[in-house]
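> Sequence and predicted structure below; questions after.
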2 protein chains.
Amino acid sequence: MIPAKNNYQFEDMLDKHQLKKTAPRLRVLSMMYSKNTATSQPDLENVMHDIDRVTLYRILNVFEEKGIIHKVFDLDGTANYAVCHSDCEAHHHHDEHVHFNCTVCKNVYCLNELSLPSITLPAGFRPESFTLYASGLCPKCDKKNSAK
Amino acid sequence: MIPAKNNYQFEDMLDKHQLKKTAPRLRVLSMMYSKNTATSQPDLENVMHDIDRVTLYRILNVFEEKGIIHKVFDLDGTANYAVCHSDCEAHHHHDEHVHFNCTVCKNVYCLNELSLPSITLPAGFRPESFTLYASGLCPKCDKKNSAK
DNA sequence: ATATAAATGCAACAATATTTCATTTAGAAT
DNA sequence: ATTCTAAATGAAATATTGTTGCATTTATAT
């Protein structure tokens, strides 16, 4: 689990990456850190009506470039963004973790705790990064389901 | 590796799924089976200029519904479609394999031969399917690269 | 307090996904 | 073989999403 952060910490994050501390960026950061699931651009648009679509688009792009967040596509192919945990704040992402996409609520969970078992590819392939995708029922939706 | 198929076999496949044997569908099938990498809609459009874009779109959709092909998103989030191998021709896909996305040629390879190591998710998650994504250099691009 | 580069918002454009509907065609029934 | 019908196609239209250009605003260094 990613520890909660306050506004000063968000400002520090922007500082560290030479990004100006603007209101839209701080709001996006605080929204993304307040959830334990990934956030899509539509998610942001639905909550922040006063921020322009293009601005959100650019904020997500610059955050991704800087390694603050990383992109992950859900089952429908829509881009979702999740905050990277500490050690991937460099230019190279270390998002070698497991993504879980719930088939009911569609949320994407980043299971940072889990490490990937190593796997050997056929001869000739030179892998640089791995991501495991799992889909099924998330804890919430599974509970609702079995309660019926 | 998926064994080569002739036109009669493609017709049988369509028959089996109660799909009419039309020219566009047969051409799409033969193109997809002739490659060892996944095919995107743009790929098809570039080769089959005389077939309408919407028709291709619908052919891909119906093939996916029927379990003839399965969808996989590449690094850029564009949908690619790959032929399913024998045992997933049911309604439920068993595409629990490894996808390799080359960062140079962008091709997506389905490494059906490999089976996934089992992995345990945090309590509460009820996974139904797994896919491992690897990205890096494919054999061809790696060769070209090291030849320089 | 001012200058300046960066960020935003808006309009416009491009690409892609999706629906509607008239026409054509495969396959069943005769 | 001919006809019938449901399914498939193609073309146009619309919706959605991704992207760029530019004028205005804003954060921050001076």
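Received it, and whenever you're ready, just let me know what you need. Numbering: from 1, shown residues only, chains lettered A, B, ... in the order given.
> Spell out which helix or strand contains A:C110, please.
strand A:108-111 (DSSP states H and E).
> now A:E65
helix A:53-66.
> does that helix come close to chain B?
No - against chain B, helix A:53-66 shows no contacts by C-beta under 8 Å from any C-beta of the partner chain, the least distance being 12.4 Å. The way it works is simple: take the backbone N, C-alpha and C, and place the C-beta from them, glycine included.
> just checking, next helix/strand downstream of that helix?
Later in the chain than helix A:53-66, the nearest helix or strand by DSSP H and E is strand A:69-73.
> to the chain's geometric centre, what's the distance from that next one?
5 Å (C-alpha atoms, centre = their mean, to the nearest Å).
> which residues touch the residue of chain A most remote from its centre?
Outermost residue of chain A with respect to the C-alpha centroid, by C-alpha atoms, centre = their mean, is A:A123; its distance is 32.2 Å. By C-beta atoms under 8 Å, 6 or more residues apart in numbering or on different chains, A:A123 lies in contact with B:P139.
> before we move on, back to that, contacts for the strand holding A:C110, please.
A:36-38, A:72, A:74, A:80, A:82, A:95, A:97-102, A:138, B:121-122, B:125.
> With just CA atoms, put it into PDB.
The C-alpha coordinates for strand A:108-111 follow below in PDB (Å, rounded to 0.1, in the frame of the first residue of the first chain):
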ATOM      1  CA  VAL A 108      -7.200  -1.800 -12.100                       C
ATOM      2  CA  TYR A 109      -5.200  -2.700  -9.000                       C
ATOM      3  CA  CYS A 110      -1.400  -2.500  -8.900                       C
ATOM      4  CA  LEU A 111      -0.200  -5.200  -6.700                       C
END
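> distance between it and the chain's centre?
With C-alpha atoms, centre = their mean as the basis, strand A:108-111 stands 8 Å off its chain's centre.
> In PDB, list the C-alpha atoms belonging to whichever helix or strand comes after that strand.
Sequence-wise, the next helix or strand downstream of strand A:108-111 (DSSP H and E) is strand A:126-137. Below are the C-alpha coordinates for strand A:126-137, written out as PDB (Å, rounded to 0.1, in the frame of the first residue of the first chain):
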ATOM      1  CA  ARG A 126      15.600 -10.400 -25.300                       C
ATOM      2  CA  PRO A 127      13.100  -9.200 -22.800                       C
ATOM      3  CA  GLU A 128      13.600  -5.900 -21.000                       C
ATOM      4  CA  SER A 129      10.400  -5.800 -18.900                       C
ATOM      5  CA  PHE A 130       7.600  -7.900 -17.600                       C
ATOM      6  CA  THR A 131       4.100  -7.300 -16.400                       C
ATOM      7  CA  LEU A 132       1.700  -9.900 -15.300                       C
ATOM      8  CA  TYR A 133      -2.000  -9.200 -15.900                       C
ATOM      9  CA  ALA A 134      -4.600 -11.000 -14.000                       C
ATOM     10  CA  SER A 135      -8.300 -10.500 -14.300                       C
ATOM     11  CA  GLY A 136     -11.300 -11.700 -12.400                       C
ATOM     12  CA  LEU A 137     -13.100 -10.600  -9.300                       C
END
